[in-house]
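[1] Could you look at this predicted model? Sequence included:
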Amino acid sequence: MIKIKKLHHSAYRCKNTNENINFYVNFLGMKLSKAFIITNTKTNRKTNVLHSFFSLNDGSAIAFFEDPNTYFNFKPQRDFDLHIAFEVSLKDLTLYLKKAKIFGIETRGISDHGFIKSGYFRDPNGYVIELTVPNKNSRKQTKEEIDKIIKEWSILK
């Protein structure tokens, strides 16, 4: 039995919190719901980190750590390596694609994956943000179908 209730937040490094606010609040329309400065870790190590949270309508959040004193290799991520997907309506996806051009945000889409349609956007940290529209006519895979695909993949790779 699954005991995990829902995703509370997922956290990533960021280059600059103000750039994140521009992307996640001003572009995507999320709410900056919490921010605090961390000066000591639980092991009593001195640090200087800003932790910020951007909320979704379901109460979950995407969070970021701005840690200017610790090296992190920020680079444009490939979709297959790392991306973050949020659900929207088709009307809103179309609006975001238009809005991205105004904001000068790198974008791709709309890709039809069968069970979802997706648009892709590059955030200021190099992460790919995918906005998805579920296909209501898509049927769920059975456990047997999933097991067969995993078995085929094990042979193919």
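    Great, that's in hand.

[2] rest of the way, CA atoms for contacts and neighbours
    Will do.

[3] Got phi/psi on residue 49?
    Backbone torsions for residue 49, taken as degrees, to the nearest 10, come to phi -130, psi 140.

[4] list the contacts for it?
    Shown in contact with residue 49 (Cα atoms under 8 Å, 6 or more residues apart in numbering): 37, 38, 39, 65, 66, 67, 68.

[5] so what's the backbone phi/psi at the fifth one?
    With angles defined as degrees, to the nearest 10, residue 66 shows backbone torsions of phi -100, psi 110.

[6] Tell me how far it lies from residue 132.
    Here the criterion is Cα to Cα, to the nearest Å. By it, residue 66 lies 27 Å from residue 132.

[7] And these two? Which one has more around it.
    Neighbours per residue (other Cα atoms under 10 Å) separate residue 66 from residue 132, with residue 132 holding more: 24 against 18.

[8] quick one: what helix or strand has the more buried one in it?
    In the assignment (DSSP states H and E), residue 132 maps to strand 128-134.

[9] Just give me how far that strand sits from the chain centre.
    Taking the mean of its C-alpha atoms, strand 128-134 sits 9 Å from the chain's own mean (Cα atoms, centre = their mean, to the nearest Å).

[10] what's in contact with it?
    Here strand 128-134 has contacts from 76-79, 82-90, 93, 115-123, using Cα under 8 Å, 6+ apart.

[11] residues contacting residue 121?
    100, 105, 106, 107, 108, 128, 129, 130.

[12] For it, which three-state class applies?
    Three-state call for residue 121 (DSSP: H, G, I helix; E, B strand; the rest coil): strand.

[13] Quick check: nearest residue in space to it, chain neighbours excluded?
    Once flanking residues are discounted, residue 121 sits nearest to residue 107: 4.4 Å by Cα to Cα, 6 or more residues apart in numbering.
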